[in-house]
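**Q** any chance you can model this:
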Amino acid sequence: MDTALISNIDEVITDPVTYGQENLYHEVFASLRATDPVHWCESSRYRPFWAITKHADVTRIELDAKSFLNAPRQFLVTIDDEKMLQEQTGSSNFARNLVAMDDPDHRAYRAMTAAWFGQKSVRNIEQEIAQLARETVDRMIAMGGRCDFVGDIAAWFPLRTIMIVLGVPREDEPLMLELSQKLFGNTDAETGGGDGMTSMLEAFNAFNAYFSGITADRRINPRDDVATILATATIDGEPIGEAERNAYYLIVAAAGHDTTSSAISGGLLGLIRNPDQMAKLRADPELMPKAIDEFIRWTSPVKHFFRTASNDCEIGGKNIRAGDNLMMCYPSANRDEEVFADPFDFRVDRFPNRHVAFGYGPHVCLGQYLAKLEMRLLFTELLSRVEDIALDGDPAWVKANFVSGLKRLPITYRA
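**A** Now for the predicted structure:
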């Protein structure tokens, strides 16, 4: 690796621009896995932390929820933005959602929707999502053989699915897309305004205002949707707090959309760049479940989450002190040479595939079964009806260090 990168590695791994350069961040984290897998990071703009880059260390931390807490630090926020959050909200945390909770609150809040998002339950809306997949490919074909797959397809299909889950009107999709992009692409001028936490707070406040109206409606007109569950939820007989409810809406609406969109577009790029894998998947559609897991491993849309050590311990030969923050680097763990054979190869039949893109342990992603179902239905429809898919220009990635993926994927194709 370039000596300039090595000398400046703490700035590189925290800089949002790094995550807009696919090859760069993989090179940086490969170097850390080989030379300093539990790396103490002191960046000029962020409070210090340990960067955890190996699969075994990430899974160990994720499994031990008592020793490694989700609160109080969730993801990379600059020191200046933490101060702004404290001044405006009274807390350095962005939102108290499932990601920020530890037991017993985490267990209680997760249980509210766990059954709804279970593997069997999501099948109840499979036909509706399958119809949406058909409509999506219809629209793609109607575009005449050329589109930006991110902006025209991948951004909209999972968004509409989440709107179905929440019971939100279809006409509000543009607003939801705008707000989710401002939340997770807030450091990229093209996707979220480039204003960092300012953009994020504006989007969060708009989400809160919107879903306050949804809550009021569901209390009068309950339906079979997640919005009704949250609008009427109680813990120990008492209604949940407004802040917690709004944060729950946010993580379902925005996180459930943006991550799946990135996995869809990144998965297609993987197929385009590896035509032998595209041909293998077309020839054997039974490989689709394995292929979907490979798309998710390959893209790792969530780049990190934090944990905070509750006691002194040792990880990877390093002494961790109580109160230290640890950043679990998921793209790095998902390229770990000790876990994945030829980890930089894209293989639609990869098995086993023990990726940690959904997290691991008690905090594993609540929506993982829904995301896999969406992707399976869309790619089954797409590959059965569209051929000769090729790049029509250079792809581009969002410059964001928390949740990110492709922001442009120009392609040509034939129905």
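**Q** where does pLDDT dip in this protein?
**A** 1-7, 91-94, 184-189, 191-196 (pLDDT under 70).
**Q** show me where this protein has its strands.
**A** 38-41, 49-52, 68-69, 146-148, 234-235, 238-239, 304-309, 313-315, 318-320, 325-329, 387-391, 396-397, 406-408, 410-414 (DSSP state E).
**Q** quick one: strands adjacent to the third one?
**A** So that's strand 68-69. According to DSSP bridges, strand 68-69 has the following sheet partners: strand 304-309 (antiparallel).
**Q** contacting residues around Asp103?
**A** Residues in contact with Asp103 (C-beta atoms under 8 Å, 6 or more residues apart in numbering) are 65, 362. Bear in mind the C-beta positions are built from the backbone N, C-alpha and C, glycine included.
**Q** from Leu326, how far out is it?
**A** 18 Å (C-beta to C-beta, to the nearest Å).
**Q** and what of Pro352?
**A** The gap separating Pro352 from Leu326 is 26 Å, by C-beta to C-beta.
**Q** looking at these two, which is more packed in?
**A** Comparing Pro352 with Leu326 by other C-beta atoms under 10 Å, the one with more neighbours is Leu326, at 23 against 10.
**Q** so what's the residue count around Trp50?
**A** The tally of other residues near Trp50 (other C-beta under 10 Å) stands at 24.
**Q** hang on, Arg282 packs against Arg385?
**A** No. Using C-beta atoms under 8 Å, Arg282 makes no contact with Arg385, being 11.4 Å away.
**Q** so who does Gly393 touch?
**A** Per C-beta under 8 Å, 6+ apart, neighbours of Gly393: 408, 410.
**Q** so which of the strands of the chain is nearest Val99?
**A** strand 304-309 (6.6 Å; C-beta to C-beta).
**Q** relative to strand 325-329, how tilted is the closest one?
**A** Counting by axes from the mean of the first three to the mean of the last three C-alpha atoms, to 10 degrees, strand 304-309 lies at 150 degrees to strand 325-329.
**Q** could you list the residues in contact with strand 304-309?
**A** With C-beta under 8 Å, 6+ apart as the test, strand 304-309 has contacts from 49, 61-62, 67-76, 99, 320-330, 359, 363, 401-402.
**Q** quick one: buried residues of it?
**A** For strand 304-309, a neighbour-count test (16 or more other C-beta atoms under 10 Å) marks 304-309 as buried.
**Q** please apply the same query to stretch 176-184.
**A** Buried residues in stretch 176-184, counted by 16+ other C-beta under 10 Å: 176-177, 179-184.
**Q** same question, stretch 106-119
**A** Across stretch 106-119, burial judged by 16+ other C-beta under 10 Å covers 106, 109-110, 112-113, 116-117.
**Q** max pairwise distance over the residues you listed: which two?
**A** Top of the distance list for the buried residues of stretch 106-119 (C-beta to C-beta): His106 and Trp116, 17.0 Å.
**Q** need the longest helix for this protein.
**A** Counting residues, the longest helix in the chain under DSSP state H turns out to be helix 197-220.
**Q** and it, which residues are buried?
**A** Using 16+ other C-beta under 10 Å as the test for burial, helix 197-220 gives 197, 199-204, 207-208, 210-211, 214-215, 218.
**Q** include distance to Gln86 when you put those residues into a markdown table, please.
**A** Formatted as a markdown table, the buried residues of helix 197-220 follow (distance: C-beta to C-beta, whole Å):
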| residue | distance to Gln86 |
| --- | --- |
| Met197 | 11 |
| Ser199 | 18 |
| Met200 | 15 |
| Leu201 | 12 |
| Glu202 | 18 |
| Ala203 | 19 |
| Phe204 | 15 |
| Phe207 | 21 |
| Asn208 | 19 |
| Tyr210 | 25 |
| Phe211 | 24 |
| Ile214 | 29 |
| Thr215 | 27 |
| Arg218 | 33 |
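**Q** which of these sits closest to Cys313?
**A** Met197 (31.1 Å).
**Q** what about the closest residue to the closest one other than its chain neighbours, how many residues nearby?
**A** Of all residues not flanking Met197 in the chain, Asp81 sits nearest, at 3.6 Å (C-beta to C-beta, 6 or more residues apart in numbering). Neighbour count of Asp81, defined by other C-beta under 10 Å: 20.
**Q** and what of Met143?
**A** 13.
**Q** for it, list the residues it contacts.
**A** So Met143 contacts Asp152 (C-beta under 8 Å, 6+ apart).
**Q** cool, Ala115 as well?
**A** Applying C-beta under 8 Å, 6+ apart to Ala115 gives the contacts Ser121.
**Q** show me which of the buried residues of strand 304-309 is closest to Thr18.
**A** His304 (12.1 Å).
**Q** could you give the bridge partners of the closest one?
**A** Cys329.
**Q** and if you look at the one 10 residues further on?
**A** Beta-bridge pairing of Glu314, defined through DSSP bridges, involves Asn319.
**Q** how many residues are close by it?
**A** 9.
**Q** my guess is it contacts Ser67, does it?
**A** No. Applying C-beta under 8 Å, one finds Glu314 not in contact with Ser67, separated by 11.4 Å.
**Q** between the buried residues of stretch 176-184, which sits nearest Gly90?
**A** Leu183 (20.3 Å).
**Q** quick check: that closest one vs Met200, distance?
**A** From Leu183 to Met200 the distance is 6 Å (C-beta to C-beta).
**Q** with just CA atoms, put stretch 385-405 into PDB.
**A** This file holds the C-alpha atoms of stretch 385-405, laid out as PDB (Å, rounded to 0.1, in the frame of the first residue of the first chain):
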ATOM      1  CA  ARG A 385     -36.800 -10.900 -18.900                       C
ATOM      2  CA  VAL A 386     -33.700  -8.700 -19.500                       C
ATOM      3  CA  GLU A 387     -30.600  -9.700 -21.400                       C
ATOM      4  CA  ASP A 388     -27.300  -8.200 -22.600                       C
ATOM      5  CA  ILE A 389     -26.900  -6.000 -19.500                       C
ATOM      6  CA  ALA A 390     -23.700  -4.000 -19.800                       C
ATOM      7  CA  LEU A 391     -22.200  -0.800 -18.400                       C
ATOM      8  CA  ASP A 392     -23.000   2.400 -20.200                       C
ATOM      9  CA  GLY A 393     -20.500   4.600 -18.400                       C
ATOM     10  CA  ASP A 394     -18.600   4.600 -15.100                       C
ATOM     11  CA  PRO A 395     -20.400   3.600 -11.900                       C
ATOM     12  CA  ALA A 396     -20.000   6.000  -8.900                       C
ATOM     13  CA  TRP A 397     -20.300   5.500  -5.100                       C
ATOM     14  CA  VAL A 398     -21.800   7.600  -2.400                       C
ATOM     15  CA  LYS A 399     -19.200   9.400  -0.300                       C
ATOM     16  CA  ALA A 400     -20.500   8.300   3.100                       C
ATOM     17  CA  ASN A 401     -18.700   6.400   5.900                       C
ATOM     18  CA  PHE A 402     -21.800   4.900   7.600                       C
ATOM     19  CA  VAL A 403     -24.300   3.500   5.100                       C
ATOM     20  CA  SER A 404     -23.300   3.700   1.500                       C
ATOM     21  CA  GLY A 405     -23.300   2.100  -1.900                       C
END
